[in-house]
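Asks: sharing a model that was predicted from the sequence below.
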Amino acid sequence: YLQPRSQLLKVILLGDGGVGKSSLMTRYVHQRFDQRPQHTIGVEFLVKELTIDGMHFTLQIWDTAGQERYRSLRTPFYRGADACILVYALDDRRSFTNVDMWRQEFFHYSDVLESDGQKFPFLLVGNKSDVELAEVSVEDADAWANQYGMRHLTASAKSSDNVDAAFSHVAAAWLARAKAESATAEAAAATSSTTATSTGRIRVRAGGDGGSSSGQLGGSGGKRSGFNCC
Ligand SMILES: Nc1nc2c(ncn2[C@@H]2O[C@H](COP(=O)(O)OP(=O)(O)OP(=O)(O)O)[C@@H](O)[C@H]2O)c(=O)[nH]1
Ligand SMILES: [Mg+2]
């Protein structure tokens, strides 16, 4: 169990338009920040490598369009997600009240059942921690996250505050869950005479991302190197 050289993780960023999902991804992968608003159309992804506890990860970060009109362009990409980061902006109360809707949308279109939601690696991120006038209190956001067994972090794509920590956290949470499931599966295998069918299974996909390291899906601009889906 669990001994691949490299583990590919599909991480989905969800949240209202303008909360800073693209900015968080760009800050994390390219160490850049752009003040100008540029709404995402459809879905874009970038890849970044990291190592946690000696385990090498390739994070495939999927940045989705938060605006309602792009719903049908983003939802097909939730399937196969290994982790999900729910993003709101600290200076936008409505974006915080909407995280509940985003969580529901994720369950609806991903292959994760809501009944397994407590175990799935979610993270709640309050972005724009650099702003002076916050509309959301950390206590409220902590309480919302706690009820689902989720962590909550405040971060800033602008200042870099907690950006690395957020992405590392979801990889670490995935790893903790995989280790727990592996232990359960090994215990079951040791006590049972029936083999594979009674054990839990961990999805392990070996190898890094051999192909493209970025792309845009569902967009209409066609300026970036993209590829067609389906
Ligand atoms: N002050 C501040 N502004 C930020 C921060 N992150 C993003 N912004 C700004 O917020 C605006 C929206 O950021 P985006 O990253 O495009 O938001 P998004 O969530 O990707 O929006 P959609 O693509 O429409 O879903 C931009 O003008 C960013 O410069 C931050 O940490 N602090
Ligand atoms: Mg965006």
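Replies: Noted; the coordinates are in hand. Ligands and ions are numbered 1, 2, ... in the order given.

Asks: close to ligand 1, is the longest helix belonging to the chain?
Replies: What stands out as the longest helix in the chain, according to DSSP state H, is helix 163-191. No: Helix 163-191 lies out of reach of ligand 1 by CB under 6 Å from any ligand atom, never closer than 8.6 Å. From N, CA and C alone the C-beta is placed, and that goes for glycine too.

Asks: counting contacts, what elements does that helix pack onto?
Replies: Packing contacts for helix 163-191, counted by 3 or more CB pairs under 8 Å, 6 or more residues apart in numbering; DSSP states H and E, involve strand 6-14, helix 21-30, strand 43-52, strand 55-64, strand 83-89, strand 122-127, strand 151-154.

Asks: what is the neighbour count of V112?
Replies: 21 (other CB atoms under 10 Å).

Asks: surely it meets R79?
Replies: No: counting by CB atoms under 8 Å, V112 stays clear of R79, with 9.3 Å between them.

Asks: show me what counts as buried in the one helix or strand A143 maps to.
Replies: Assigning secondary structure by DSSP states H and E places A143 in helix 138-147. Buried residues in helix 138-147, counted by 16 or more other CB atoms under 10 Å: A141, W144, A145.

Asks: residue contacts, the last one?
Replies: Spelled out, it's A145. L124, R151, H152 (CB atoms under 8 Å, 6 or more residues apart in numbering).

Asks: what do you get for the second one?
Replies: Contacts here follow CB under 8 Å, 6+ apart; on that basis W144 touches F96, V99, D100, L124, H152.

Asks: coming back round to it: turn the contacts of A145 into CSV, including neighbour count, distance to ligand 2 and pLDDT.
Replies: Shown next, in CSV, are the contacts of A145 (neighbours: other CB atoms under 10 Å; distance: CB to the ion, whole Å; pLDDT from 0 to 100):
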residue, neighbour count, distance to ligand 2, pLDDT
L124, 26, 18, 98
R151, 16, 23, 97
H152, 18, 21, 98
